[in-house]
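Peer 1: output the structure for:
(one chain, ligands or ions: 1)
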Amino acid sequence: MASHNIAVIRGDGVGVEVIEEGLKTLRAAGKLFEIDWNFVEHPWGSDYYFRHGVMMPADALDRLAESDAIYLGAVGHPDIQDHVTLNGLLLPIRRTFDQYVCERPSVLYPGVESPLRDKSPGDIDMVVIRENTEGEYADVGGFQYAGFAEEVGIQAGVFTRRGCERVITYAFELARRRDRKRHVTSITKSNAQGYGMIVWDRAFDAVAARYPDVQTQSLLIDAACMDFVRRPESFDVVVASNLFGDILTDIGAIITGSMGLAASGNIDPERRFPSMFEPVHGSAPDIVGQGIANPMAAILSGGMMLGHLGHADAQQALERAVLGTIEAGETLTPDLGGASTTEAVGDAVIERLERG
Ligand code: GGG
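Peer 2: Predicted structure coming up:
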């Protein structure tokens, strides 16, 4: 029997609610596929911040380092500025554990209606690979005359050739593994950002030359936003910087029906450190406590964690159970047009999983 230590950070808002369902489904998958889970819960996030003035304790990263993977809900609270929650928890984890790949699939599943006209299941099936440790999210910059009328904020984007090449290489390997269109799109803005994005473009060209069997295109971020809406079927694997990837994956989530279906993995491909799996959505304070958040993104993120830990069969079974629940259309949360609760959706997925 395989055994895994998983650090669980439910975090804030609906993160707490959807992770409950994610854990339920992982336990059910564990029974079916002989996986012994040791879930270690860490009560970090905004409530912890209100009590201690920090999002997580000083030794948090050391404690997380002992785990095989991290399962995260969401961070964000209306009474705390978002840069505090992000820089206090999410970003240090991604950087410390060199989770330089953020893998975010966008798939239009059968039974889900896209807001785009004439898009059928299968028409949209892409994966955005977001650079996750540098770029526009680099913690480099500063203020001068902070708080005064003359205040200045400098925000540097950091694009290293090594950082760009390694994430782009991951995208090409994924295009080969998917073996769908064998196509990689690079997202750039080197017409306006003539340093960092030039390094990105050079890295892309250098990596592409090593993969003659993979077709490529390079799109400016503005054109890419347009094409995600206009012809999403043209994409297979998309590789983008930290900020561009973040923006594109919200579009990817919404054209495939709901933020509540968008799963993600923050991955250290070299497996030196724990990778972290989380729904793309945030803490959704507008619906917290109502029991109506869609847990499917958290469940599918748990599925990605299963795959990462070597349980492809369990991942596929869990995905089939989620897709079956969507297609049946009986137990869905309001974002997908249903009237069911978060808990009922978790139960429905488990029932299907156990039925096989
Ligand atoms: N579950 C993910 C989450 O809480 N996201 C909050 C957020 O704002 N993330 C920004 C980012 O991933 O860059």
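
Peer 1: which residues in the stretch 151-300 of the chain form helices?
Peer 2: 161-178, 196-208, 221-230, 242-255, 296-308 (DSSP state H, counting those that start in this stretch).

Peer 1: CA atoms only for the last one, dumped as PDB, please.
Peer 2: So the one you mean is helix 296-308. In PDB, the C-alpha atoms belonging to helix 296-308 read as follows (Å, rounded to 0.1, in the frame of the first residue of the first chain):
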ATOM      1  CA  MET A 296     -15.100  20.300  -8.500                       C
ATOM      2  CA  ALA A 297     -12.000  22.400  -9.100                       C
ATOM      3  CA  ALA A 298     -10.600  21.400  -5.700                       C
ATOM      4  CA  ILE A 299     -11.500  17.700  -6.400                       C
ATOM      5  CA  LEU A 300      -9.800  17.800  -9.800                       C
ATOM      6  CA  SER A 301      -6.800  19.500  -8.200                       C
ATOM      7  CA  GLY A 302      -6.700  16.600  -5.800                       C
ATOM      8  CA  GLY A 303      -6.800  14.400  -8.900                       C
ATOM      9  CA  MET A 304      -3.800  16.200 -10.300                       C
ATOM     10  CA  MET A 305      -2.100  15.500  -7.000                       C
ATOM     11  CA  LEU A 306      -2.900  11.800  -7.300                       C
ATOM     12  CA  GLY A 307      -1.300  11.800 -10.800                       C
ATOM     13  CA  HIS A 308       1.800  13.600  -9.500                       C
END
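
Peer 1: who's in contact with that helix?
Peer 2: 6, 18-19, 21-23, 25-26, 29, 35, 69, 71, 73, 103, 259-265, 267, 275, 277-281, 312, 314-315, 318-319, 322, 325-326, 345-346, 349 (C-beta atoms under 8 Å, 6 or more residues apart in numbering). For the C-beta atoms, the positions are set from N, CA and C on the backbone; glycine is no exception.

Peer 1: looking at the helices of the stretch 151-300 of the chain, which is closest to the ligand?
Peer 2: helix 242-255 (4.6 Å; C-beta to the nearest ligand atom).

Peer 1: for the closest one, name the packing helices and strands.
Peer 2: Packing partners of helix 242-255 (3 or more C-beta pairs under 8 Å, 6 or more residues apart in numbering; DSSP states H and E): strand 101-107, strand 125-131, strand 183-188, helix 221-230.

Peer 1: the ligand contacts on the stretch 51-200 of the chain?
Peer 2: Where the stretch 51-200 of the chain comes near the ligand, counting by C-beta under 6 Å from any ligand atom, the residues are 74, 75, 76, 86, 90.

Peer 1: what of the stretch 251-356 of the chain?
Peer 2: Going by C-beta under 6 Å from any ligand atom, the residues of the stretch 251-356 of the chain near the ligand are 278, 279, 281, 282, 283.

Peer 1: quick one: residue 105 from residue 82, how far?
Peer 2: Computed as C-beta to C-beta, to the nearest Å, the residue 105 to residue 82 distance reads 25 Å.

Peer 1: looking at these two, which is more packed in?
Peer 2: With neighbours defined as other C-beta atoms under 10 Å, residue 105 and residue 82 compare such that residue 105 has more, 21 against 12.

Peer 1: just give me the residue right at the centre of this protein.
Peer 2: Central residue of the chain (C-alpha atoms, centre = their mean): residue 264, 2.6 Å from the mean position.

Peer 1: if we can go back for a sec, which of the contacts of helix 296-308 count as buried?
Peer 2: 6, 18-19, 21-23, 25-26, 29, 35, 69, 71, 73, 103, 259-265, 267, 275, 277-281, 314-315, 318-319, 322, 325-326, 345-346, 349 (16 or more other C-beta atoms under 10 Å).
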